[in-house]
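>>> I'll drop the sequence and a predicted model, then ask my questions.
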Amino acid sequence: MKNYKIKIKDLPKGEKPREKLMKYGPSALRNYELFSIILGKGTKKEDVFEIARRTIDDYGSKALANETDVKKIKQLLGLGDVHACQVVACFEIGRRLFGKSKEVYIKNPEDVFNYLIDMRKLNKEYFRGLYLDVRNRLLRDEIITIGTLTTNIIHPREVFQPAIKYSAVGLILAHNHPSGDPAPSEDDIKITQQIIEVGKIMDIDVLDHVIIGNKKFVSLKSEGKMDF
């Protein structure tokens, strides 16, 4: 049985995003409704509501707001040129208008979990890298890959490219388990070991690998599973 999907054209006039925005102001709209206004229109395959929901749900609001790579948005979210450019341009102008955002410092696994708490609700496995300077200040939050419900394929070079680009001295790996259970798998430990070994060669410290579940997390560093 297919789920019912509400399209903009099916909504009463007063419930359409633009009309709601004009009548009630932006606070009355959900994130995907605001985003649908920016996107403007959908495609032959997807209504603009569907694109807006999928983009936010699949990528996460915080990560989406930090993304600047149009090609990556296109590849990971299956968007066309126009929509991918609109996504990047929207958040870039926000950053320019409102200036430098508050600096984030990551000093322990709890900081990682609190910063990435929106990953609990994602229905695919996301592998992210948090890239830090010598003071543990966050330089870059990068979505490295998006997997399926149960699997994710990651290569060390994809982890270290942003570290080199942003001159990071350390990085923290993080990914979610859509099952809700953050217990590390053998593959989680194996890929962590591979990335640590590459980090030693490149003189970039892999500080931790945090696995996020539904209500809790596991730090491989705290569990003693990074002492290879």
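Perfect, I can see it now. Numbering: from 1, shown residues only.
>>> for the chain, which spans come out with low pLDDT?
Scanning the chain for pLDDT under 70 picks out 1-8, 10, 61, 99-101, 148-152, 228.
>>> which residues in it form strands?
All strands of the chain, identified by DSSP state E, fall at 126-132, 138-146, 170-176, 205-212, 217-219.
>>> ok, the last one: who's next to it in the sheet?
Same thing as strand 217-219. Sheet pairing for strand 217-219, assigned by DSSP bridges, gives strand 205-212 (antiparallel).
>>> now the strands of the chain in JSON lines, with mean neighbour count and distance to residue 64?
C-betas here are computed from N, CA, C, even on glycine. Below are the strands of the chain laid out as JSON lines (neighbours: other CB atoms under 10 Å; distance: least, CB to CB, whole Å):
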{"stretch": "strand 126-132", "mean neighbour count": "24", "distance to residue 64": "12"}
{"stretch": "strand 138-146", "mean neighbour count": "19", "distance to residue 64": "9"}
{"stretch": "strand 170-176", "mean neighbour count": "25", "distance to residue 64": "16"}
{"stretch": "strand 205-212", "mean neighbour count": "24", "distance to residue 64": "18"}
{"stretch": "strand 217-219", "mean neighbour count": "22", "distance to residue 64": "22"}
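>>> in TSV, list the ones you listed along with distance to residue 15.
Formatted as TSV, those follow (distance: least, CB to CB, whole Å):
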stretch	distance to residue 15
strand 126-132	32
strand 138-146	32
strand 170-176	33
strand 205-212	35
strand 217-219	38
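>>> domain ranges for this structure, per the record?
Per automatic domain parsing, the domain ranges recorded for the chain read 8-98, 109-219.
>>> which of those is buried the deepest?
Highest mean neighbour count of the domains of the chain: domain 109-219, a mean of 17 (counted as mean count of other CB atoms under 10 Å).
>>> off-centre distance for that domain?
When C-alpha coordinates are averaged (CA atoms, centre = their mean, to the nearest Å), domain 109-219 and its chain have centres 11 Å apart.
>>> now swap in stretch 36-52 and tell me
On CA atoms, centre = their mean, the centre of stretch 36-52 falls 20 Å from that of its chain.
>>> likewise stretch 90-104?
Taking mean C-alpha positions (CA atoms, centre = their mean), stretch 90-104 and its chain are 17 Å apart.
>>> just the CA coordinates of stretch 160-176, formatted as PDB?
C-alpha atoms of stretch 160-176 as PDB (Å, rounded to 0.1, in the frame of the first residue of the first chain):
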ATOM      1  CA  PHE A 160      40.900  12.900   4.500                       C
ATOM      2  CA  GLN A 161      40.200  15.100   1.500                       C
ATOM      3  CA  PRO A 162      38.200  17.600   3.600                       C
ATOM      4  CA  ALA A 163      40.900  17.400   6.300                       C
ATOM      5  CA  ILE A 164      43.500  18.600   3.900                       C
ATOM      6  CA  LYS A 165      41.300  21.200   2.300                       C
ATOM      7  CA  TYR A 166      40.400  22.800   5.600                       C
ATOM      8  CA  SER A 167      43.900  22.300   7.300                       C
ATOM      9  CA  ALA A 168      42.400  20.200  10.100                       C
ATOM     10  CA  VAL A 169      44.800  18.700  12.700                       C
ATOM     11  CA  GLY A 170      42.200  16.200  14.000                       C
ATOM     12  CA  LEU A 171      39.000  14.700  13.000                       C
ATOM     13  CA  ILE A 172      36.100  12.800  14.600                       C
ATOM     14  CA  LEU A 173      34.200  10.200  12.700                       C
ATOM     15  CA  ALA A 174      30.500   9.800  13.300                       C
ATOM     16  CA  HIS A 175      27.700   7.700  11.800                       C
ATOM     17  CA  ASN A 176      24.200   6.700  12.700                       C
END
